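Engineer: the following block contains a protein sequence and its predicted model.
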Amino acid sequence: KVRKAVIPAAGLGTRFLPATKAVPKEMLPLVDTPSIQLVVEEAVRAGLTDILIITARGKGAIEDHFDRSPELEALLESRGKYDELKQIRALSDLAQIHTVRQHEALGLGHAVAVAEAHVAGEPFAVLLGDDLIHPSVPLLREMLRVHERYGRSVLAAQEVSRSEISAYGAITPEMIEENLAKVRSVVEKPPADEAPSNLAAIGRYVFTPEIFDALRQTKPGHGGEIQLTDAINLLAQEQAVYAFTFEHGRYDAGNKLDYLKATVELAIEREDVGPTFSTWLADFVQRKKLV
Ligand code: UTP
């Protein structure tokens with residue numbers, strides 16, 4: 001049974017500069033919640049109880065976010081702000097959260113390799129904060145079910161348009177049933193006209209520990225970084241790797257434009273700000289003659 005989740009959060013976040021000069025990308029909020037909190041909550045919902053966040057220099061805010069905060073708690077209590085107090089306490093009780101540092105941003109594959117000692121030979125999940133999954137979509141839970149069935153690694157995969165595929169790992173699938181394919185190969189960020197399909201690997205994975213052997217053999221690839229995709233491709237030549245396909249409920253938050261879209265979508269869904277924000281947005285669109 002999978003108990004452990006690894007959340008790589010050691011990237012430089014260059015696409016969000018200048019915000020990410022001093023603030024970790026993973027702490028940028030969607031409305032009022034840092035993206036890394038949404039990802040940790042997703043892992044917990046899927047039943048994962050041991051969470052390892054891969055951090056780096058300058059990412060101390062991530063550790064603080066999941067730590068107890070006695071001064072803040074005392075202050076909220078003395079002011080009778082009990083709802084906020086409950087929220088803050090719940091955060092530090094979410095799960096067993098560990099951190100380890102990636103000393104140099106050598107790529108996502110390298111960041112996952114840093115988790116090897118903690119993972120200690122067990123199967124584990126990897127979740128990236130660049131992809132946010134709607135809380136109503138049990139994607140990770142379903143991927144864990146596929147893992148239980150086959151005992152192998154499982155990727156999340158989604159059809160994207162031809163023009164978008166060059167931003168993802170592109171999968172060559174062999175469909176075996178609805179929503180499930182075997183991965184024949186996967187290639188990182190191919191030019192659109194060379195992509196083997198429009199099926200993109202999304203930032204949720206369940207891995208067998210053999211991924212670490214594959215990572216050890218992986219040389220720097222696209223962008224000079226150790227690419228997780230390249231290691232998955234190696235692994236798929238050694239043992240079956242599955243792709244679980246899904247359609248709805250993913251918000252891209254890895255670049256400015258998509259982060260803006262995700263913020264608007266999530267804000268509109270909120271019970272507190274949603275209704276007023278929707279009314280304002282509709283009015284704004286009319287005033288600016290956007291449609
Ligand atoms: P990205 O390439 O999207 O993240 O990596 P980045 O490097 O932070 O962002 P940009 O491209 O410079 O704007 C995907 C995920 O892998 C992690 C990132 O934190 C992100 O969650 N990552 C990437 C690492 O942990 N270490 C790395 O060396 C690279």
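Structural biologist: Happy to help now that I have it. This is a predicted model, so every value here is computed, not measured.

Engineer: now do whatever residue of the stretch 151-291 of the chain ends up closest to the ligand, the pLDDT please.
Structural biologist: Taking CB to the nearest ligand atom, the ligand has its nearest neighbour within the stretch 151-291 of the chain at Gly254, 5.0 Å off. Yep, even glycine has a C-beta here, placed from its N, CA and C like the rest. Turning to Gly254, the model gives it a pLDDT of 87.

Engineer: and for it, the neighbour number?
Structural biologist: Neighbour count of Gly254, defined by other CB atoms under 10 Å: 21.

Engineer: can I assume it is in contact with Phe16?
Structural biologist: No. Contact criterion CB atoms under 8 Å: Gly254 and Phe16 do not qualify, at 9.1 Å.

Engineer: distance of the closest residue to the ligand within the chain from Arg57?
Structural biologist: When scored by CB to the nearest ligand atom, the chain has Gly11 as its residue closest to the ligand, at 2.1 Å. Distance of Gly11 to Arg57, given as CB to CB, to the nearest Å: 12 Å.

Engineer: same question for His118.
Structural biologist: Using CB to CB, His118 is found at 19 Å from Arg57.

Engineer: next one: Thr33
Structural biologist: 24 Å.

Engineer: over to Gly121?
Structural biologist: Gly121 sits 29 Å away from Arg57, going by CB to CB.

Engineer: excluding sequence neighbours, find me the nearest residue to Met27.
Structural biologist: Spatial nearest neighbour of Met27, chain neighbours left out: Pro34 (4.6 Å); criterion: CB to CB, 6 or more residues apart in numbering.

Engineer: re the thing from before, let me see the contact set for the residue of the chain closest to the ligand.
Structural biologist: 25, 105, 108, 111 (CB atoms under 8 Å, 6 or more residues apart in numbering).

Engineer: now render the residues you listed as TSV, adding neighbour count and distance to Ala167.
Structural biologist: Shown next, in TSV, are the contacts of Gly11 (neighbours: other CB atoms under 10 Å; distance: CB to CB, whole Å):
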residue	neighbour count	distance to Ala167
Lys25	24	17
Ala105	16	19
Leu108	24	14
Ala111	27	19
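
Engineer: return only those of these found close to the ligand.
Structural biologist: 25, 105, 108, 111 (CB under 6 Å from any ligand atom).

Engineer: quick one: the residues you listed as JSON lines, columns for secondary structure and pLDDT too.
Structural biologist: Output for the ones next to the ligand among the contacts of Gly11, formatted as JSON lines (DSSP: H, G, I helix; E, B strand; the rest coil; pLDDT from 0 to 100):
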{"residue": "Lys25", "secondary structure": "helix", "pLDDT": "95"}
{"residue": "Ala105", "secondary structure": "coil", "pLDDT": "95"}
{"residue": "Leu108", "secondary structure": "helix", "pLDDT": "97"}
{"residue": "Ala111", "secondary structure": "helix", "pLDDT": "98"}
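
Engineer: circling back: more crowded one of His118 and Arg57?
Structural biologist: The neighbour comparison of His118 against Arg57 (other CB under 10 Å) goes to His118, with 16 against 11.

Engineer: for the residue nearest in space to the middle of the chain, grab phi and psi.
Structural biologist: Nearest to the mean C-alpha position of the chain, counting by CA atoms, centre = their mean, stands Leu128 at 2.0 Å. Backbone torsions of Leu128, given as degrees, to the nearest 10, read phi -110, psi 140.
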